[in-house]
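K.L.:
can you look at this prediction? I've put the sequence above it.
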Amino acid sequence: MKADGRLIVPLDVPTVEEARALISVLGETVSFYKVGLELFASDGMALARELKAQGKQVFIDWKLHDIGTTVQRAAAALADSGCDFLTVHGEPQVMASAVRGKGSSSLKILAVTVLTSLTDADLKEMGYAETARALVERRIHQAIAAGCSGVVASPQEAELARKLGGRDFLVVTPGVRPDWAAKNDQARAATPLEALRAGASHIVCGRPITAANDPQAAALRVAAEMAQAG
């Protein structure tokens, strides 16, 4: 089966060497990888460039969050890497700065709305009066106003993001867990098929694939389920 470009597999491993080994195992079953903070400290950008040289797509999930000037400069530097997606925190100044930084490059800026591990109770403890859904909705509106290409939101808010953002808006959903996999630390999860039918443009599916006895077979199983969404 050909790789489904809507499937993003996170390389959440401690070292670049382990990431390369996983990529080798997955072979042609996966065409889109996420390089997150865990690899940030071990030459993650070198790995990202390797992946691009291999014809893969790369999602830099570093959730930039700093003063506007710093975010703008970081986004400008990353825009030259040839990578495809970059995440920033969903705050108006941060989002607008990242969009300015990426300029006319093809890098897509995605705003992180609310982490999929957080519940309404967690947000209350953090000092938010809003529910997760209400906060996600506000941040989607702000992301659109800032000129972001899309958002990262849980599968439960994918339909809302699609409705507000329109047909071409990117809706990347982490917290995707097939019925046959454990939910782990994802509080607002859904299956790959549910996420796509709700409006996701891309899904991030990690441990059900990367921790499987046969990662390639697991990736193919996820892709087969995704194919049912058309």
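P.N.:
Cool, the structure landed.
K.L.:
export the lengthiest strand in the chain to CSV, keeping only CA atoms.
P.N.:
Scanning the chain for the longest strand, with DSSP state E as the assignment, gives strand 57-64. These are the backbone C-alpha positions of strand 57-64, laid out as CSV (Å, rounded to 0.1, in the frame of the first residue of the first chain):
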residue,chain,number,x,y,z
GLN,A,57,7.7,15.7,4.4
VAL,A,58,8.7,17.1,7.8
PHE,A,59,6.7,18.6,10.6
ILE,A,60,8.8,20.7,13.0
ASP,A,61,6.8,20.5,16.2
TRP,A,62,8.7,22.9,18.4
LYS,A,63,5.8,25.0,19.6
LEU,A,64,7.7,28.3,19.5
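K.L.:
and the next element down the chain from that strand?
P.N.:
helix 68-79 (DSSP states H and E).
K.L.:
orientation of that next one relative to strand 57-64 in degrees?
P.N.:
170 degrees (axes from the mean of the first three to the mean of the last three C-alpha atoms, to 10 degrees).
K.L.:
which residues belonging to helix 68-79 are considered buried?
P.N.:
Of the residues in helix 68-79, Gly68, Val71, Gln72, Ala74, Ala75, Ala76, Leu78, Ala79 count as buried by neighbour count, 16 or more other C-beta atoms under 10 Å. From N, CA and C alone the C-beta is placed, and that goes for glycine too.
K.L.:
just send these back as TSV, with pLDDT and distance to Val13 too.
P.N.:
Shown next, in TSV, are the buried residues of helix 68-79 (pLDDT from 0 to 100; distance: C-beta to C-beta, whole Å):
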residue	pLDDT	distance to Val13
Gly68	96	32
Val71	98	27
Gln72	98	30
Ala74	96	23
Ala75	97	25
Ala76	96	28
Leu78	94	21
Ala79	94	26
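K.L.:
what's the closest of the residues you listed to Met45?
P.N.:
Leu78 (8.2 Å; C-beta to C-beta).
K.L.:
can you say which helix or strand has the residue lying closest to the closest one once chain neighbours are set aside in it?
P.N.:
Spatial nearest neighbour of Leu78, excluding adjacent residues (C-beta to C-beta, 6 or more residues apart in numbering): Leu86 at 5.7 Å. If you go by DSSP H and E, Leu86 is part of strand 85-89.
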